[in-house]
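[1] Give me a model of this one.
(2 chains)
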Amino acid sequence: MSDAPLEGAGTLYAFTRVAMAMRPGMRTERGYWVAHVDLDGGPRVQGLLAPDVAEPRIGMRLRLGIETVRVEESGEEIVVHHFAADEARA
Amino acid sequence: MKTENIALLGTAMTRFADHRDRTLFELATEAGLGTLTDAGIDLRDVGEAYVGSMMAPPMLGVRILKQLGLTGLPVVTIEAASASGLVALREASFAVSSGRCEVALALTYEHAMQRLPGSGGMTPGYETLMASPASFALWASRRMHERGTKPEHLAKLAAKNWNAARENPLAYHRADHVVTPQEVLASPSVASPLTQMMGAPMGGGAAAVLLASPDRVRRRRPGEPLVRVLSSSLVTESWDPEWIALGPAVGPPGMTADAARRAFEAAGVGPEDVDVAYVHDSWINEELEYYEQLGLCAPGEAEKLAEEGTTALGGRIPVNVDGGLVARGHPIGPTGLAQVHEIGLQLRGRAGRRQVEGATTALAQLVGGGSSAIVCLFQRDGRVA
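    Now for the predicted structure:
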């Protein structure tokens, strides 16, 4: 096993809107989109869809990003990757 | 693998339910004593025991067996998540077919509502950051894109299983009215396109099966049809470029197909011989997928089976006529042996209002934690009186 660099853009493979909270205090408490995305250079990865993706459709172009989904009382940030709409190639 | 010369000597299960007011010990003891009573023996006649669950603390199986008697028998604990029950059956089968003992017990149990100190389960990590229903929903989403599956197909199958459970006194959900696909679709969304009524309740329960040689079973059950365990095939995940490695729940789609192919080959029967099947519908879109993977229909035809009611009681190939995981319930550990208990009833013609007429060959399939799949085949010798 070794680390491998990934392309930051890909195509939506499958998606679902989850109605249950991931963890308390996250934006995901009110429902959130989860997706499988085929990255241009492979492989298929899983992640949240960014809030700007209003109506996902399979085959749409997405770009990898990161977001803070929760800040702990200690100040520690919970950061996850997400996929945002790819403006350039949408 | 072929499981030669093994037959069901006894079976029992508790009701699958919330069971908040009952302990895991009570449930497991009820199922254990139930199967001993059904077989007309006591624990002194049992050579080996295979016990298990997904979350029970260490050594619980031995403590449970002590409730049934202190006979000194070997007790082996099995853990294979949702597949635990069928894996326990498989090991008990080999204990008898190898000649290690004449009678073997498989006993599995779980109580999600009362977790004992030391209980296990999935540890939160990156892959559990996402709720597990989402894994199944993603699978459904892709199928909708590729095969034109509609939420109505999923709702129709879920309603089928809810209505089947109305005839099963041991089922978790026993609706007091005919459940319609519209009602299933109108229940709260969990992860689109899946709604609450498309998913299995956990709760608690226990189930147990005793296995022995056909001769021994014939002596105990003269004049009754013999229910043989024909084969049992267990596989784990193999590399599949179409599947991502993350997610503890679903697993690569080919796993069940692999297990089924091997189980049919070992048993010398084919999918066309199956009269009744019990599959892992922890979320209802799985049932649709497994119709194809088990060979109950050609790839791409599962939606047609749903539309035409082919897998309902009275159809060509009834599936999950005890309610399936969705409505009979899925406490996890005991689910597989509940399937076997039901198959024992069906093949002996004792399933009452949910009887599949003339059922001779039956199939049970489960997926364990998205990382293993097991398919077992059963067949009746002799006629139902």
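
[2] in chain A, what residue is nearest chain B?
    Closest residue of chain A to chain B, C-beta to the nearest C-beta: residue A:16 (3.6 Å). No exception for glycine: its C-beta is placed from N, CA and C like everyone else's.

[3] show me where the chain has strands.
    No chain specified, so I'll use chain A. Ranges of strands in chain A, per DSSP state E, are A:9-18, A:32-39, A:44-49, A:61-71, A:77-85.

[4] Sorry, I should have been clearer: chain B.
    With DSSP E as the criterion, chain B has strands at B:7-13, B:48-52, B:75-78, B:103-111, B:189-191, B:194-195, B:204-212, B:226-236, B:276-278, B:361-368, B:372-381.

[5] Which one of these lies nearest to residue A:78?
    Nearest to residue A:78, of all the strands of chain B, is strand B:189-191, at 20.8 Å by C-beta to C-beta.

[6] who does that closest one touch, helix- and strand-wise?
    If you count contacts as 3 or more C-beta pairs under 8 Å, 6 or more residues apart in numbering or on different chains; DSSP states H and E, strand B:189-191 packs onto strand A:9-18, helix B:132-147.

[7] among the ones you listed, which is nearest residue B:371?
    Comparing the helices and strands packed on strand B:189-191 by C-beta to C-beta, helix B:132-147 comes nearest, at 12.3 Å.

[8] can you tell if that closest one touches chain A?
    Yes - judged by C-beta under 8 Å from any C-beta of the partner chain, helix B:132-147 comes into contact with chain A through B:133, B:134, B:137, B:138, B:139, B:140, B:141, B:142, B:145.

[9] Please enumerate residues in contact with that helix?
    With contact meaning C-beta atoms under 8 Å, 6 or more residues apart in numbering or on different chains, helix B:132-147 is reached by A:13-16, A:18, A:20, A:34-36, A:46, A:58, B:149-150, B:154, B:190-194, B:199, B:247-250, B:253, B:282-283, B:285-286, B:288-289, B:300, B:302-303, B:370.

[10] Centroid-nearest residue for chain B?
    The centroid of chain B falls nearest to residue B:336 when counting by C-alpha atoms, centre = their mean (3.2 Å).

[11] quick one: contacts for that residue?
    B:82-89, B:108, B:207, B:364, B:366, B:374.

[12] any chance of the strands of chain B in TSV, with mean pLDDT and mean neighbour count too?
    Shown next, in TSV, are the strands of chain B (pLDDT from 0 to 100; neighbours: other C-beta atoms under 10 Å in any protein chain shown):
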stretch	mean pLDDT	mean neighbour count
strand B:7-13	98	27
strand B:48-52	97	27
strand B:75-78	96	18
strand B:103-111	97	31
strand B:189-191	93	23
strand B:194-195	96	24
strand B:204-212	98	32
strand B:226-236	96	22
strand B:276-278	98	28
strand B:361-368	96	26
strand B:372-381	96	26
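
[13] Save the ones you listed as TSV, and put in distance to residue B:35 too.
    Output for these, formatted as TSV (distance: least, C-beta to C-beta, whole Å):
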stretch	distance to residue B:35
strand B:7-13	4
strand B:48-52	11
strand B:75-78	15
strand B:103-111	7
strand B:189-191	35
strand B:194-195	35
strand B:204-212	4
strand B:226-236	14
strand B:276-278	18
strand B:361-368	17
strand B:372-381	16
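
[14] Ok, which of those strands comes nearest residue B:33?
    strand B:7-13 (7.8 Å).
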